[in-house]
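[1] structural data only, the sequence is not supplied:
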DNA sequence: AATGAATGAGAATTCATTCAT
DNA sequence: AATGAATGAATTCTCATTCAT
């Protein structure tokens, strides 16, 4: 132990994970940040070498922090999901219960339109335990927003969580791959939100005409 | 050259493309068919060797027909798009003008849910001139269905082609990556279709409430 | 060089394995030959790159023929064991039943003293089915020589196959690692052979008969 | 330099080697002990990191004590050889002059059968001056046992030191790589000892005296 | 003295592409 | 036209060694 102070008197913000030296943590964070950008632009098949170069470290350093490429991808995933979960919490605590879900979907699609994120990575990254937890939180966060919206009457009673998540991922993928501009995002989401709101007589109509 | 006939005295059915010997054409078609299956299952990073092996030809033969892997991917794209265009034509000529668009979207999403197709490939394949043409046809075919639906009153007047295509690609990507089951597909599309139909007072409401 | 004759009229000497083009076979053999020498000198941790360079081919060619380094090591093993088995057959068919075993051990130790061979490789190479077969043949070949020697009275009745093989591998390892010179080999083996003979009149006989 | 005392005023107990602080010496010894175990189990290609982890020190500490991996291997060698030399001395001072050599060989082979030791390490480690000294002592120790055995009549007059060492290393290598069980060790050594004795009445004596 | 993060030169393996047969 | 062996650059991952803290 090199520090003359006990590590115990520093707040441990990393949940039981061995604390890193300040310089190592900086590198780790830089690597994640660069990796996020690189994989966002080129997809998960971009080379680890490129991430290393972008972060200004040697290739070995990347592999020291993330022993496989998979591990790096999963670390990115974890970070992205955590940020989403924070957004969800904020919206759930907010004062516009009817609009929270719409706001969240709108923001997520907007992010996806800018760069590859959770959406792509989720598709290519194996879901490990760490990630699985964040993912479950995400589901629950969206479910909370959906509940509030249903109670506020801004979303039809018969809309279920699964459909909402399906629409969310679909829209993100679409925005991501097709590079929707802001206006196209707005108009496309308007249609989907309209469908979520539905009409008083929507349920009745949908019984017969679809398919 | 082993053929005793000049290639010139056979009808050229391929629009300016050099005619092939019958066996060569058979090979070409087999390669495309196998490549479609292979890339559908494993994504575009599957190896060209595997395609060759599946088609029962040597690797050199694949590269003889398609000088780069890109070219092979684009040839597949072209084929897929042509088939979609045929579907569109059939629906445009059909007798249920109000439902054609819904039917087309439903079928395409269903295919995507089964395997990687146009959706993935389009994302990874550079769009060259050949493909661009088919893509333009696709746009026009969908536009025709959309027009008919608007005229039949099953789609709101203010819905534009861009949104429809955006929803289409988004839903396909979603179905593809998340592996939606049939029931989830149905419920998700019901919401989107509801949004496309809209309500009498939808236009009014949408002015203020979105975002 | 591709022959204009059908491959069918050439004898297939490779036991059901797909026949290779002549140039490919030449390369394959050159690679094995070089690999044998390289691994003999530097041990199995020598790099595949060095083998490729020595054989005058690109690294990819080595991996085309032997998909992993293990596979290359095992191919070498197989060849070495086959050669040993041929020696055994020749000695078993020879006319000096009492001396066959001694001759074989002497030759094998002599080879080991010159370079790393079966001995080292066997230690590091996983034994797969192909190799296992040759190894079993080797055991049986030595057993045959041992039987003949026992019947000829040049080896004690109570000596068993396991001890002979143990002595054989031990002596080879020793000769290999310590680089015994010819004279040291002779004197060391004389002691072991004396132990194998183990008769009251051993001293008398040992004067003349050892090689 | 942090120490306030000159290093010169502490007694130098290690033959010209710089004296170490008590904690440093403890580390050094722990590293050697762990390294011995690790290399014994996994061979000399085991990673230095693993040794460090096992010893509970950082990798830098290992390299502080042993500037290269080679140096670490040689230090282990030296320790092993020293212990063997102690055994030799004990046997040379013992009261069974005729059996000392046999006992020593038996014990060394038994150790080799249990784990990689001197045998492997000697093969892979370059012999430096330090090691060379211990090795010379080993030779002399075995020579002493051999002399006594010859005088006691339990080993033939014409057996020379080189053959004995050759047999010793060969048997150790064999036992090491082939994993001889106790019974196989006994039977194999019986043959070799028989060869070393090599007298008319050898068979008779061997019934009782071995082990 | 100890720490442990960083380095960077390999090593094995893959695969699109070329070219002699 | 077809074959399939050869190429070699690119990629992931390892590990002895260095050096700032």
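    In hand now; what should we look at? It should be emphasised that the depicted structure is a prediction, and the values quoted were computed from it without experimental measurement. Numbers count the residues shown, from 1 in each chain, chains lettered A, B, ... in the order given.

[2] from chain C, how far out is the residue of chain A found nearest DNA strand E?
    Nearest residue of chain A to DNA strand E: residue A:60, at 1.9 Å (Cβ to the nearest atom of the strand). For glycine as for every other residue, the C-beta is placed from the backbone atoms N, C-alpha and C. The gap separating residue A:60 from chain C is 19 Å, by Cβ to the nearest Cβ, to the nearest Å.

[3] residues near that residue, how many?
    9 (other Cβ atoms under 10 Å in any protein chain shown).

[4] break chain A into its domains for me.
    A:18-67, A:80-199 (automatic domain parsing).

[5] is the shortest one anywhere near chain D?
    No. Contact of domain A:18-67 with chain D (Cβ under 8 Å from any Cβ of the partner chain) is absent, the minimum separation being 10.9 Å.

[6] what about chain A, any weak spots by pLDDT?
    A:1-20, A:115-130, A:199-211 (pLDDT under 70).

[7] so stretch A:104-115, near chain B or not?
    Yes. Interface with chain B: stretch A:104-115 contributes residue A:106 (Cβ under 8 Å from any Cβ).

[8] one step back: highest mean neighbour count out of the domains of chain A?
    When the domains of chain A are scored by mean count of other Cβ atoms under 10 Å in any protein chain shown, the highest mean neighbour count falls to domain A:80-199 (a mean of 19).

[9] name the helices or strands packed onto the host helix or strand of residue A:38?
    Under the criterion of DSSP states H and E, residue A:38 resides in helix A:22-42. Secondary-structure packing of helix A:22-42 (3 or more Cβ pairs under 8 Å, 6 or more residues apart in numbering or on different chains; DSSP states H and E): helix A:48-55, helix A:59-65, helix A:69-93, helix A:118-124.

[10] residue C:103 is nearest to which of the ones you listed?
    Closest of the helices and strands packed on helix A:22-42 to residue C:103 is helix A:59-65, at 53.9 Å (criterion: Cβ to Cβ).

[11] how far away is the nearest residue to residue A:165 once chain neighbours are set aside from chain C?
    Excluding its sequence neighbours, the residue lying closest to residue A:165 (Cβ to Cβ, 6 or more residues apart in numbering or on different chains) is residue A:142, at 6.4 Å. Noted for residue A:142: a distance of 46 Å to chain C, by Cβ to the nearest Cβ.

[12] list the contacts of residue A:142.
    Residue A:142 is in contact with A:88, A:101, A:104, A:161, A:164-165, A:168, counting by Cβ atoms under 8 Å, 6 or more residues apart in numbering or on different chains.

[13] give me the subset of those residues lying in helices.
    Judged by DSSP state H, these include A:88, A:101, A:104, A:161, A:164-165, A:168 as members of helices.

[14] name the nearest of the residues you listed relative to residue A:178.
    Comparing those against residue A:178 with Cβ to Cβ places residue A:168 closest, at 16.1 Å.

[15] so residue A:57, which state does it fall into?
    At residue A:57 the chain is in coil, as set by DSSP: H, G, I helix; E, B strand; the rest coil.

[16] any idea how far residue A:34 is from it?
    Distance of residue A:57 to residue A:34, given as Cβ to Cβ, to the nearest Å: 9 Å.

[17] then residue A:77?
    16 Å.

[18] now swap in residue A:66 and tell me
    For residue A:66, the distance to residue A:34 - Cβ to Cβ - is 12 Å.

[19] contacts only, for residue A:189.
    Counting by Cβ under 8 Å, 6+ apart, residue A:189 touches A:102, A:105-106, A:109, A:171, B:210.
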